[in-house]
Structures are given as C-alpha cells and as structure tokens.
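Asks: For reference, the sequence and a predicted model appear below.
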Amino acid sequence: MTRFILSTFVFLIWAEVSKAQQVPRQSIYLELGGAGLAYSVNYDFRFDKANQQSWGMRMGAGGWATRSDFSSESLLTIPVQVNRLFGKRKHFFEIGGGATFIHYRDRDTWNNSNFEWRNFNFILDSGDTPAFMGTLNMGYRKVPENGGFTFRANLTPIFNHNGFWPLFAGISFGYAF
C-alpha cells in the first residue's frame, strides 16, 4: 500500500513538472506530526488556479505496521483539511481545519489466543476505531515562485469527543509545482 501511494505521488509530480507551470498551485510533501498525527504523505492544491492566496485543500495518508511472533500493530491515518494562504511572493501564513480518519489495530497472539484491541491513544483517547480526530492548522508555508522545494511549519491543535490538545505541531518538506 505504501509503495502504491508513493508511486502515485511520484507520477503526479513527474506529470505536473512536465507541464512547466510558471506559478506553483499544487504541492506534494511529507509531514512529520501535524494532521497526519505521526507522519503522512500529502497532496495540496488551490481551488482557484489563478490565485496562490486562495482556498485550497490537502489530502494525505500515513501510518505504520509492526509485526512479531506474538503481536501485530497497525495504524492508518487519512488527514483531509481545507486551508487558506495569506502572503506575498513565496512566504505565506496558512490557516485551515479538517479531520483525520484513524483506523488502529493491535493484536496479541500469546498462547494461541487471539485478542484484538481497537482503542487508540495518541495524546487524546480516540476510543474504538475507526474514528475521526478534528484538526486545526495555523503556521508558515514557503512556496517558491517558480516551483521547487517547499517547507511548512505549523501549530496543529487536535480535538475529539475526549478533549482538546492545543499544542500539537507539524513540519513538512516537499515539492511545489
């Protein structure tokens, strides 16, 4: 699954770079922390292709899987946010909000018994999964005027039915085209 997602993003980058757009309106990036919780690979685009300072959307996927003789654990996160950029040239203030889908599975197969827990605790207890975690976003985004390396550093408060955590953050590195 991870190889498929990465292959798809690489193909999208190659296809868009070959079009030689002058002003970048899309980006693909790896985010550590942030709306993807642990990490995620994301695609971001502007709704108004003629205006960099417009509303846009980001979608991504992240997670992990571990396996041993006696247990296995997996997490899938799918962050989706609507965002807006404010700024000039290549430096922008970004705000936004959305939700992250969470699917967590943990199995313990000690002594031939198979128990499954689906309760995921990441800063806030999500309860049984699949579940959703609300996300807000505010921070800095650097987008080169002619495309290329892009950088983001954001404060990403998260919330769900068990509370609100205002001090969660994320950092992203990627390519704008």
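Replies: Ah, there it is. Numbers count the residues shown, from 1 in each chain.

Asks: Any regions of this protein where pLDDT drops low?
Replies: The model of the chain has pLDDT under 70 over residues 1-22, 108-119.

Asks: ok, now with 90
Replies: 1-25, 49-53, 64-74, 88-89, 104-129, 145-147, 162 (pLDDT under 90).

Asks: Going along the chain, name the helices of it.
Replies: 2-18 (DSSP state H).

Asks: Can you tell me how far the most centrally placed residue in it is from Leu30?
Replies: The centre of the chain sits closest to Gly36, judged by C-alpha atoms, centre = their mean, with a distance of 3.9 Å. Computed as C-beta to C-beta, to the nearest Å, the Gly36 to Leu30 distance reads 9 Å. (Glycine included, C-beta is placed from N, CA and C.)

Asks: Repeat that for Phe92.
Replies: When Phe92 is compared with Leu30 (using C-beta to C-beta), they lie 19 Å apart.

Asks: Now for Gly36 and Leu30: what residues contact both?
Replies: Both Gly36 and Leu30 are in contact with Asn42, where contact means C-beta atoms under 8 Å, 6 or more residues apart in numbering.

Asks: List the buried residues of stretch 83-103.
Replies: 83-85, 90, 92, 94, 96, 98-100, 102-103 (16 or more other C-beta atoms under 10 Å).

Asks: Taking those, tell me the two that lie furthest apart.
Replies: Lys90 and His103 (36.6 Å; C-beta to C-beta).

Asks: May I have stretch 47-58 as CSV, with CA atoms only?
Replies: C-alpha atoms of stretch 47-58 as CSV (Å, rounded to 0.1, in the frame of the first residue of the first chain):
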residue,chain,number,x,y,z
PHE,A,47,-9.2,25.8,-5.7
ASP,A,48,-8.5,29.0,-7.7
LYS,A,49,-5.7,28.1,-10.1
ALA,A,50,-5.1,31.8,-10.8
ASN,A,51,-4.5,32.9,-7.2
GLN,A,52,-2.0,31.4,-4.8
GLN,A,53,-3.7,33.2,-1.9
SER,A,54,-6.9,31.3,-2.3
TRP,A,55,-8.7,28.5,-0.5
GLY,A,56,-7.3,25.1,-1.1
MET,A,57,-7.4,21.5,0.2
ARG,A,58,-4.9,18.9,1.4
